[in-house]
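1. Provided below for reference: sequence and predicted model.
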Amino acid sequence: MDAPTLPKTIAKYISPSILVYSKAEAQAKLHFVQEHYTNAHLHIDATDGRFVPSHFWCKAHDFGRLTIRNSFEAHLMTFHPEKRVGAWKRAGASRIIFHFEATPNPLRVIDTIRKARLEAGIALNIETNPDKLELILDKIDAILFMTIVPGWAGQPFHPEMIEKIREFHKKHPKQFIIVDGGVSKENAPSLISAGARQLVSTSAVYGKHFAHK
Ligand code: DX5
Ligand code: ZN
């Protein structure tokens, strides 16, 4: 398969994304990842067709039936994220990431995740100001900056996010920063120097063979 090779200095930050249309595609990607990214923490994307319009094969229950050797997080691009926490815990997720824009009560969602003894992460769309999180930052384990519009892989990276991430990192140096979308071997060094500690990727991991438009 024509999968790209990333330099080791970048590959160690990569979290391969599992954004799939079918069980067969999930299995193929997991197989690939287990071979090429043995120790990576995976990122499973879930959509609801409402918070983002796309529909993928993304039910927690279905993932729970697959053999997933790597640790993984669930990125919930869905409304009512608190209702999905239990199912993803049963599927084996170690971290749940939900969208700040998807709930009127992020503290309640964090509380649900904490009670399930999982790590809590909050994702922000490009236009959302991270200052809005000021009062809840000490209650989360990770912040995920979207660097594309959520919903699909293979979109262009928004370069203006690099400065936003750098500024956030300066203010909150201890916060674990995840970047999701459009990551490439060209922009990864700037993202890492801006403070990103985990780079989620579909396109840079699997190449065109697997990327969706
Ligand atoms: C998109 C997902 C991403 C996606 C990234 O909504 O959240 O995780 O897989 O894909 P690329 O790396 O192609 O932008
Ligand atoms: Zn994602």
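-> All right, it came through fine. Ligands and ions are numbered 1, 2, ... in the order given.
2. Quick check: longest helix in the protein by residues?
-> Longest helix in the chain, counting residues (DSSP state H): helix 23-36.
3. Residues touching that one, excluding its own?
-> Under the contact criterion CB atoms under 8 Å, 6 or more residues apart in numbering, helix 23-36 has outside partners 1, 3, 16, 18, 20, 40, 42, 57, 62-63, 66-70, 205-206, 210. C-beta coordinates here come from the backbone N, C-alpha and C atoms, glycine included.
4. Quick check: residue 60 vs residue 68, distance?
-> Distance, residue 60 to residue 68, using CB to CB, to the nearest Å: 12 Å.
5. Report the contact partners of the closest residue to ligand 2 within the chain.
-> Closest to ligand 2 within the chain is residue 75: 3.8 Å, counting by CB to the ion. Contacts for residue 75 (CB under 8 Å, 6+ apart) come out as 17, 43, 44, 45, 46, 97, 123, 144, 180, 200.
6. Any residues of the chain in contact with ligand 1? List them.
-> Counting by CB under 6 Å from any ligand atom, the residues of the chain lying close to ligand 1 are 17, 19, 43, 45, 75, 77, 148, 150-155, 180-183, 200-203, 211.
7. Among those residues, which lie within helices?
-> Per DSSP H, the residues of the chain next to ligand 1 map to helices at residue 203.
8. Buried among the residues of the chain next to ligand 1? Make that a PyMOL selection.
-> Here is the PyMOL command that selects only those of the residues of the chain next to ligand 1 that count as buried (16 or more other CB atoms under 10 Å):
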select buried, resi 17+19+43+45+75+77+148+150+151+152+153+155+180+181+182+183+200+201+202+203+211
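9. just the contacts of residue 75 now: which is nearest ligand 1?
-> Ranked by distance to ligand 1 (CB to the nearest ligand atom), those are led by residue 17 at 3.4 Å.
10. Bridge partners for that closest one, pull those for me.
-> Beta-bridge pairing of residue 17 under DSSP bridges involves residue 43.
11. Who are the contact partners of it?
-> Contacts of residue 17 (CB under 8 Å, 6+ apart): 42, 43, 44, 45, 75, 153, 180, 200, 201, 202, 205.
12. pLDDT added to the residues you listed, as a markdown table?
-> Shown next, in a markdown table, are the contacts of residue 17 (pLDDT from 0 to 100):
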| residue | pLDDT |
| --- | --- |
| 42 | 98 |
| 43 | 98 |
| 44 | 98 |
| 45 | 98 |
| 75 | 98 |
| 153 | 96 |
| 180 | 98 |
| 200 | 98 |
| 201 | 98 |
| 202 | 97 |
| 205 | 96 |
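13. Touching, residue 176 and residue 143? I think so.
-> Yes: between residue 176 and residue 143 there is a contact under CB atoms under 8 Å: 7.2 Å.
14. Just want to know which of the two has more residues nearby.
-> residue 143 (24 against 17; other CB atoms under 10 Å).
15. contacting residues for that one?
-> Here residue 143 is in contact with 121, 122, 123, 124, 130, 133, 137, 168, 175, 176, 177, 178 (CB under 8 Å, 6+ apart).
16. Mind jotting down where the helices sit in the protein?
-> Using DSSP H, the helices of the chain run over 8-11, 23-36, 60-64, 85-91, 106-115, 161-171, 188-194, 203-206.
17. Packed most tightly, which of those would that be?
-> helix 203-206 (a mean of 24; mean count of other CB atoms under 10 Å).
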